[in-house]
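**Student:** Just the structure for this:
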Amino acid sequence: SDVKRIGLLAGGTGIAPMIQIIRAYGHYVRSHPGPLPKFQLNLIYAAEEMHDLAYMKILETVRDQIPLQFRFYVILNRPPLGWTEGVGFVERHDIIKHLVYPPTEGDIVVTCGPPVFEAAMRKNLARLGFSNNQYYSYAEGDNVSAHL
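**Tutor:** Numbering: from 1, shown residues only. The predicted structure is shown next:
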């Protein structure tokens, strides 16, 4: 089946490989002739503190260039005063609200981060009804070709 929605779950330095996916997606959307692609790319990016966030300028630029196709949500474990996005750890309600939900045949989710983060995300995705062939975990080294 065709991919309709892509969800990215990045923990800490796990944002680095996601940036390559986001850049490629942004380039594809901007250079695509005719009507814009119908699929979306959504990112949840978790970090400890504000100063741990990397690539924010790239995320903001891509979001500003293709706001209907890309969005991101940041969750900080120790946010600064006045923080208006997520606080704590990525929970199922964050995935429901900010990633892709409910899972459909055309969805794929990629997770990258510390092993404990990826294990928690795989558990959350399974509890939300995502099948094993709908998510790829860098820590697990799943066969990504099965998703293409």
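**Student:** and Ala47, how far is that from Arg71?
**Tutor:** 17 Å (Cβ to Cβ, to the nearest Å). For glycine as for every other residue, the C-beta is placed from the backbone atoms N, C-alpha and C.
**Student:** the more surrounded of those two?
**Tutor:** Legend: neighbour count by other Cβ atoms under 10 Å for Ala47 and Arg71, higher for Ala47 (22 against 17).
**Student:** Read off the pLDDT value for the nearest residue to the more buried one once chain neighbours are set aside.
**Tutor:** Take Ala47 and drop its neighbours on the chain: the residue closest to it by Cβ to Cβ, 6 or more residues apart in numbering is Leu53, 5.3 Å away. Per-residue pLDDT puts Leu53 at 96.
**Student:** Please name the residues that touch Leu53.
**Tutor:** When the contact criterion is Cβ atoms under 8 Å, 6 or more residues apart in numbering, the partners of Leu53 are Tyr45, Ala47, Val74, Leu76.
**Student:** ditto for Leu9
**Tutor:** Leu43, Ile44, Ala46, Val90, Ile95, Leu99, Val109, Val110, Thr111, Cys112, Gly113, Met121.
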